[in-house]
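Trainee: Starting from these lines, generate the structure:
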Amino acid sequence: MKFQIGIIVFILLSGVFYSCKKDNVYPIEPAILMSPDQTYLSPATITISFTDGDGDIGLNDADTVAPYNLDEVNFNKYYYNLLLYYFVKNGDVWEEADLIVPFYYRVPDITPSGQNKTLKGDIEVSITLPINRPDSIRFNIELIDRALHSSNILTTPVIYK
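Mentor: The predicted structure follows:
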């Protein structure tokens with residue numbers, strides 16, 4: 001009888017310990033990685049994986065006052081939250097191109113509900129590459145959260161024409 005009670009207590013305690021699953025812990029700054037699934041034909045599909053510890057990725061349509069305002073004269077990178085900087089190869093040197101229409105995007109607000117606000121996911125961007133582009137281009141990618149924390153900068157592999 002004592003043996004059966006011991007087994008029941010062991011099973012109950014095991015269930016309690018296994019049900020106390022720890023939440024994922026990530027830094028409050030977004031972190032991005034290049035997903036292995038990429039297509040660099042036009043339209044190119046670039047997929048980045050991201051994590052964020054406090055879940056403040058994305059902007060709402062109403063997020064248009066400072067610091068998220070659009071300033072046509074003085075560029076405000078915080079109006080956007082996913083920035084793909086376009087680089088061209090000039091000889092042996094990579095130079096950022098000054099584009100009329102840059103590859104900047106507003107990822108919508110994806111804050112999770114509940115107490116655990118950590119986020120982990122993928123963002124996929126479809127890009128129509130310029131027809132008259134140079135032979136070798138690449139992108140540097142940056143993700144910015146609502147607290148204005150910037151992610152690490154990712155660099156895509158070279159995209160050949």
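Trainee: all contacts plus neighbour counts: C-alpha atoms, from now on.
Mentor: Noted.
Trainee: Report the contact partners of N74.
Mentor: By CA atoms under 8 Å, 6 or more residues apart in numbering, no residues touch N74.
Trainee: after the helix or strand of the chain with the lowest mean pLDDT comes which helix or strand?
Mentor: Here the helix or strand of the chain ranked lowest by mean pLDDT, DSSP states H and E is helix 2-19, holding a mean of 48. Note on helix 2-19: by DSSP states H and E, the next helix or strand toward the C-terminus is strand 31-34.
Trainee: hmm, who's touching that next one?
Mentor: Under the criterion CA under 8 Å, 6+ apart, residues 47-52, 143, 151-154, 156 lie in contact with strand 31-34.
Trainee: Stretch 49-64 now?
Mentor: Here stretch 49-64 has contacts from 25-35, 69-70, 79, 81, 106-112, 117-123, 144-147, using CA under 8 Å, 6+ apart.
Trainee: where in this structure is pLDDT low?
Mentor: The model of the chain has pLDDT under 70 over residues 1-23.
Trainee: hmm, try it at 90
Mentor: 1-25, 35-45, 70-77, 98-101, 111-117, 128-133, 160-161 (pLDDT under 90).
Trainee: E142 touches T156, doesn't it?
Mentor: No: E142 is not in contact with T156 according to CA atoms under 8 Å; the separation is 11.5 Å.
Trainee: helix/strand/coil for the residue positioned nearest the centre of the chain?
Mentor: In the chain, the C-alpha nearest the mean C-alpha coordinate belongs to F50, at 4.3 Å (CA atoms, centre = their mean). F50 carries the three-state label strand when classified by DSSP: H, G, I helix; E, B strand; the rest coil.
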